[in-house]
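Q: Structure of the sequence below:
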Amino acid sequence: MDLLQSLLIPHSGTLIPAADVRDFTAHTSNVRSQAHSRASEDFHNRPRGSHISVDLDPNMDLPLRNITNHTPATMDPAADQTISLEEYDALHPPSENALRYRAGNTDHTPRSIHFSPPAIVPLPVIETYGVAAAEFNALCQLHGLRPMFSFTEPAQGCFGVKLEFGEHLCEDQRPFPSKKQAKEIISQRGLEVLSNVELPARTKRKSEDPSSIDEENWIGLLTEYCQKNRFPPARYKDHVANNVANQKAGLALTTYLHACTMTTDAAPGRTFGSETAVFTLKAAAKRSTAKEAVLWLRENAGLRVSAPAKHRKTEDGPNISLTDAANHLTAQTPAQLVATRSLQLGFTPPSYQMKPVLPPDGAATAAWYVAAATFLLQDALKEPRLGGSVGETGRCNGQKNAKEECCKLVLILLNQILEERRRALAVG
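A: Numbers count the residues shown, from 1 in each chain. This is a model prediction of the structure:
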């Protein structure tokens with residue numbers, strides 16, 4: 001204790017006993033604590049937007065914030081120009097976007113609008129039938145024009161279209177929901193343009209003669225074939241492409257397109273022509289269907305190519321008997337041989353069915369088929385061996401090879417029937 005009292009400690013530039021420093025430190029801490037409490041209380045209770053002037057001891061180093069040490073000599077009442085936030089808003093009203101931002105609503109602020117452009121909304125979907133596009137193409141053919149459609153896609157699922165034909169240009173960049181609908185709408189505009197354009201003058205050329213355009217009279221050939229083989233006349237059915245479509249779509253088009261389909265007992269189970277193959281003339285549609293039937297009969301039923309009518313002889317040729325039938329079976333395909341032999345025996349040429357099958361082991365991946373021929377029920381009643389599937393083949397590479405293999409097997413059976421009839425005639 002004596003040592004502590006005799007110990008001198010420097011303090012504020014002088015040496016004082018250690019016991020006096022301890023009492024002075026306790027006193028200083030108490031003073032600082034009281035000053036800090038008064039300053040904090042005055043700071044929280046001060047008016048908003050005002051300064052606080054506190055006279056502090058220069059020797060007190062208090063870490064107080066927002067307290068300015070102003071002496072009466074330096075204090076200027078005019079220098080205190082601080083105002084509150086409410087007073088600033090009254091002098092400077094905030095903008096509408098600032099009020100939205102303070103309220104937390106940023107959906108329509110300029111920044112959100114800048115980074116969120118409005119989406120492109122396509123037009124409503126309407127049911128189209130392709131009638132205007134088909135009629136426009138047919139009308140372009142009459143004018144000798146070639147239409148060119150080009151599409152743009154400004155957004156996903158939204159299409160614009162531009163149509164060029166000859167010296168004319170039609171464009172519609174509305175957002176259509178599909179290319180088909182865009183093509184249909186722009187074709188209607190193209191029809192309006194071409195309806196005011198006269199057809200070009202066309203001089204009649206030698207090639208435009210009907211007898212030279214169609215090398216053969218397809219309808220007459222089909223009728224003659226049915227009469228010779230005692231088949232009923234072919235049954236034609238006309239289709240007008242625009243009737244139903246106009247009623248549903250509300251279109252008023254100027255040109256009607258025609259299609260034709262046909263069935264005949266000479267080719268049972270088959271329908272020739274198509275409802276989608278349209279023509280501007282009904283006769284052209286019927287002629288195209290008859291041509292398809294004649295070409296099929298030549299390939300599958302042994303219908304021969306005949307010369308034009310003006311070169312045909314009027315007298316009938318000699319009757320073909322069973323003994324000299326082989327003289328007429330040369331230079332024909334297997335399907336034609338089967339058709340010719342069937343007609344000689346009094347049967348209707350068969351129809352062929354091809355079914356795809358898996359390739360054999362080790363074979364390259366390709367189209368493999370099995371084929372079989374089917375005769376009419378009335379022929380099967382005459383000859384039981386013609387019932388069901390006749391000439392069924394194994395796996396063949398390609399439909400053509402499968403059909404030829406089937407025809408060879410059917411021809412073997414028909415030749416057996418022919419030989420049996422020959423023997424029966426020889427015995428009789």
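Q: Next, the buried residues of stretch 292-299.
A: Within stretch 292-299, the residues scored as buried using 16 or more other CB atoms under 10 Å are 292-294, 297-298. Just so you know, the C-beta spots here come from the backbone N, C-alpha and C atoms, and that holds for glycine as well.
Q: do stretch 400-415 as well
A: Neighbour counts using 16+ other CB under 10 Å place 402-407, 409-411, 413-414 of stretch 400-415 among the buried residues.
Q: Let me see the mean pLDDT of it.
A: Model confidence over stretch 400-415, given as mean pLDDT, is 91.
Q: who's in contact with it?
A: Among residues not part of stretch 400-415, those counted as contacts by CB atoms under 8 Å, 6 or more residues apart in numbering are 333-335, 337-338, 341-342, 345, 347, 350, 352, 354, 369-373, 385-386, 390-393, 396.
Q: can you tell me which of the buried residues of stretch 400-415 lies nearest to Pro360?
A: Ala402 (13.6 Å; CB to CB).
Q: which element is that closest one on?
A: Secondary-structure assignment from DSSP states H and E places Ala402 in helix 399-427.
Q: picking that back up, the contacts of stretch 400-415 in strands, which ones?
A: Under the assignment DSSP state E, the contacts of stretch 400-415 contribute 352, 354, 369-373, 390, 396 to strands.
Q: one step back: so can I have TSV of the buried residues of stretch 292-299 showing secondary structure, pLDDT and distance to Ala426?
A: As requested, the buried residues of stretch 292-299 are exported to TSV (DSSP: H, G, I helix; E, B strand; the rest coil; pLDDT from 0 to 100; distance: CB to CB, whole Å):
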residue	secondary structure	pLDDT	distance to Ala426
Glu292	helix	90	43
Ala293	helix	90	39
Val294	helix	90	38
Leu297	helix	87	33
Arg298	helix	86	34
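Q: of those residues, closest to Phe279?
A: Among the buried residues of stretch 292-299, Glu292 lies closest to Phe279 (CB to CB), at 13.2 Å.
Q: show me the contacts for the closest one.
A: 272-273.
Q: Please tell me how far it sits from Glu404.
A: Distance of Glu292 to Glu404, given as CB to CB, to the nearest Å: 22 Å.
Q: residue ranges for the strands of this structure, please.
A: Across the chain, reading from the start of the chain, the strands by DSSP E fall at 8-11, 14-17, 148-155, 158-165, 168-176, 235-240, 258-263, 272-279, 351-357, 368-374, 389-390, 396-397.
Q: can I get those in CSV with mean pLDDT, mean neighbour count and distance to Ala426?
A: Below are those laid out as CSV (pLDDT from 0 to 100; neighbours: other CB atoms under 10 Å; distance: least, CB to CB, whole Å):
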stretch, mean pLDDT, mean neighbour count, distance to Ala426
strand 8-11, 63, 12, 157
strand 14-17, 65, 11, 162
strand 148-155, 90, 12, 71
strand 158-165, 91, 20, 73
strand 168-176, 90, 15, 78
strand 235-240, 86, 15, 42
strand 258-263, 88, 20, 41
strand 272-279, 84, 17, 42
strand 351-357, 89, 15, 33
strand 368-374, 91, 21, 29
strand 389-390, 92, 16, 26
strand 396-397, 86, 18, 38
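Q: Distance to Phe136 for the ones you listed - can I get that in CSV?
A: Formatted as CSV, the entries for the strands of the chain read as follows, by distance: least, CB to CB, whole Å:
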stretch, distance to Phe136
strand 8-11, 109
strand 14-17, 114
strand 148-155, 10
strand 158-165, 8
strand 168-176, 10
strand 235-240, 17
strand 258-263, 16
strand 272-279, 12
strand 351-357, 39
strand 368-374, 41
strand 389-390, 48
strand 396-397, 44
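Q: So which of these is nearest Ala134?
A: Comparing the strands of the chain under CB to CB, the one sitting nearest is strand 272-279, at 5.8 Å.
Q: what's the closest one packed up against?
A: For strand 272-279, the helices and strands in contact under the criterion 3 or more CB pairs under 8 Å, 6 or more residues apart in numbering; DSSP states H and E are strand 258-263, helix 282-300.
Q: would you list those in a markdown table and tack on distance to Glu420?
A: Supplementary listing: the helices and strands packed on strand 272-279 in a markdown table, determined by distance: least, CB to CB, whole Å:
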| stretch | distance to Glu420 |
| --- | --- |
| strand 258-263 | 34 |
| helix 282-300 | 25 |
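Q: Low-confidence ranges, the stretch 1-150 of the chain, go.
A: Counting by pLDDT under 70, the stretch 1-150 of the chain contains low-confidence residues at 1-81, 97, 100-118, 128-129.
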